[in-house]
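1. the following comprises the amino acid sequence and a computationally predicted model.
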Amino acid sequence: MVWINSFFLFGGLALDLPVFSSPQPVPSLSASGSADSRQHLLDWDLQTLKHWMVEKGQPAFRAKQVLHWVYQRRATEFAEMTDLPKQLREDLALAFVVYRCEQADGVCSPDGTDKLLIRLSDGGEVECVLLRDGSRRSICVSSQVGCAMGCVFCASGLDGVDRNLTRGEILEQMLRLQARLESDQRLSHIVMMGMGEPLANLDSVLSALEVARSAEGLGISPRRVTISTVGLPAAIDRLSQAGVPYNLAVSLHAPNDALRSQLVPVNKKIGIDAILDASDRYFAANGRRLTFEYVLLGGVNDSDECAMQLASLLRRRTVMLNVIPYNLVSGLPYKTPSASSISRFKEILINGGINVMFRQRKGSEIDAACGQLRRNRRPK
Ligand code: SF4
């Protein structure tokens, strides 16, 4: 999705795992190129790890100790877990890895934004971002390698989708970003708004977020977690049924189906009405104010007519509208809107009674639009 400020479109329970298995196992290659058959610890929840401990003749409480080291004490190696018996640390290191991915690249912006390119064990690459803003320490995390939604202005979707990320790969992004903070600082907000469509990988996203919000995990309130979507009604309904009050951010980008289907091709099969209906059901179930995102593309969706149609769509709803002036993406033909069209768009929405925020871009020095870092490294 496309990068914005403290909510960043850049380009969202324990769903119990099967006992002793990791979801969507992805083969890992060691430095020598041979397959590493060890499990990604972050794919394992407390319960399954307890079973593993008991099978190894260990008390079940050791599982909690291990996860405490990983999520709260930021350990990345079992050797660091000095209150575990030495033999157990060795057994764990034979069976698991804490981090299964590697950092392929990383850039820091003077405004406090860090962006990481994470290489997965099968060679795929995703991006994630840490944003420091006052006391906030927000992260934006990817959910898929690439994206199938095909938004025409987004670098992440240019090559389609390769695969869903596992729960462990989503959590590893969070932990790698948390590790960039001073030891007395904690992550405060999570936005599932990186590469991919989170609702197209809902099981893994919810499973990772359960860890993020649990006291034994990262301890982040669900009210500080935002799940972004282009609007997949059936998945929005599933999210409602999960019963956790995450914030939902729907990327609208156009006020009518003709224009939206050009900008967000998946819209042809869905339509704005179905998305708004599903969003209304989410609001009714969770009581969380909805957020709509609108990337403002110069000369495309920034006309007075678009602003009036948008106001009319949202007027009777309890929503926040985030308008994000487009970040230029190399190789794409879209333009940043002019200052006068931004100002006019804003005026029409405010006069139309819409609760609207125009987001400043952060991290623009570091290719912060989603997918750009990944894309810039590829041969042209
Ligand atoms: S849904 Fe996919 S293609 Fe659309 S902006 Fe987000 S990451 Fe990019």
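-> The structure has been received and is ready for your questions.
2. pLDDT below threshold where in this protein?
-> Low-confidence segments of the chain (pLDDT under 70): 1-34, 360-380.
3. could you pull out the helices for it?
-> Under the criterion DSSP state H, helices of the chain are mapped to 46-55, 61-71, 86-95, 167-178, 202-213, 233-242, 257-263, 272-286, 304-314, 339-351, 372-376.
4. between the fourth one and helix 61-71, how big is the angle?
-> Angle, helix 167-178 to helix 61-71, by axes from the mean of the first three to the mean of the last three Cα atoms, to 10 degrees: 50 degrees.
5. make JSON lines out of the helices of the chain and add distance to residue 326.
-> Every residue, glycine included, has its C-beta placed from N, CA and C. As requested, the helices of the chain are arranged in JSON lines below (distance: least, Cβ to Cβ, whole Å):
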{"stretch": "helix 46-55", "distance to residue 326": "43"}
{"stretch": "helix 61-71", "distance to residue 326": "37"}
{"stretch": "helix 86-95", "distance to residue 326": "47"}
{"stretch": "helix 167-178", "distance to residue 326": "25"}
{"stretch": "helix 202-213", "distance to residue 326": "26"}
{"stretch": "helix 233-242", "distance to residue 326": "25"}
{"stretch": "helix 257-263", "distance to residue 326": "11"}
{"stretch": "helix 272-286", "distance to residue 326": "20"}
{"stretch": "helix 304-314", "distance to residue 326": "14"}
{"stretch": "helix 339-351", "distance to residue 326": "10"}
{"stretch": "helix 372-376", "distance to residue 326": "13"}
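6. for those helices, which one sits closest to the ligand?
-> Counting by Cβ to the nearest ligand atom, the ligand lies closest to helix 257-263 out of the helices of the chain; the figure is 9.1 Å.
7. how about residues contacting the closest one?
-> With Cβ atoms under 8 Å, 6 or more residues apart in numbering as the test, helix 257-263 has contacts from 151-153, 252-254, 267-268, 271-272, 297, 300-301, 306.
8. looking at the helices of the chain, which is nearest to residue 160?
-> Residue 160 lies closest to helix 372-376 among the helices of the chain, at 13.1 Å (Cβ to Cβ).
9. what's the burial count for the residue nearest to residue 281 when sequence neighbours are not counted?
-> Using Cβ to Cβ, 6 or more residues apart in numbering and skipping residues adjacent in sequence, the residue nearest residue 281 is residue 240, 5.9 Å away. For residue 240, the count of nearby residues is 18 (other Cβ atoms under 10 Å).
10. cool, residue 346 as well?
-> By other Cβ under 10 Å, the residues close to residue 346 number 17.
11. same check, this time on residue 350
-> 13.
12. also the one 4 residues further on?
-> Number of residues near residue 354 (other Cβ under 10 Å) recorded here: 22.
13. one more: the one 5 residues further on?
-> The number of residues packed near residue 359 is 18, by other Cβ under 10 Å.
14. thought residue 288 was touching the residue nearest to residue 281, still the case?
-> No: between residue 240 and residue 288 there is no contact under Cβ atoms under 8 Å: 10.3 Å.
15. any residues in contact with both of these two?
-> residue 282.
16. now, which of the contacts of helix 257-263 sits nearest the ligand?
-> For these, the nearest to the ligand is residue 151 (3.1 Å; Cβ to the nearest ligand atom).
17. what's the most buried one of the helices of the chain?
-> helix 167-178 (a mean of 25; mean count of other Cβ atoms under 10 Å).
18. so what's the gap between that one and the chain middle?
-> 10 Å (Cα atoms, centre = their mean, to the nearest Å).
19. show me what it is packed against.
-> strand 39-40, strand 113-119, strand 125-133, strand 136-140, helix 202-213 (3 or more Cβ pairs under 8 Å, 6 or more residues apart in numbering; DSSP states H and E).
20. near the ligand, which residues of the stretch 101-250 of the chain?
-> Within the stretch 101-250 of the chain, the positions adjacent to the ligand are 147, 149, 150, 151, 154, 156, 157, 195, 196, 197, 230 by Cβ under 6 Å from any ligand atom.
21. so which of these wins on neighbours?
-> residue 196 (34 neighbours).
22. correct me if wrong: that residue contacts residue 141.
-> No: in this structure residue 196 lies outside contact range of residue 141 using Cβ under 8 Å: 9.6 Å.
23. how about the contacts made by the residue in the stretch 201-350 of the chain that the ligand sits nearest to?
-> The ligand sits closest to residue 230 of the stretch 201-350 of the chain, with a gap of 4.6 Å, by Cβ to the nearest ligand atom. Residues near residue 230 by Cβ under 8 Å, 6+ apart: 149, 151, 197, 250, 251, 264, 266, 267.
24. 7 Å - rerun?
-> Residue 230 makes contacts with 149, 197, 251, 264, 266, as judged by Cβ atoms under 7 Å, 6 or more residues apart in numbering.
25. skipping adjacent residues, who's closest to the third one in space?
-> What sits nearest to residue 251 in space, not counting adjacent residues and going by Cβ to Cβ, 6+ apart, is residue 293, at 4.4 Å.
26. wouldn't the one you found be in contact with residue 248 here?
-> No: at 10.8 Å, residue 293 does not count as touching residue 248 under the criterion of Cβ atoms under 7 Å.
27. okay then, goodbye and thanks.
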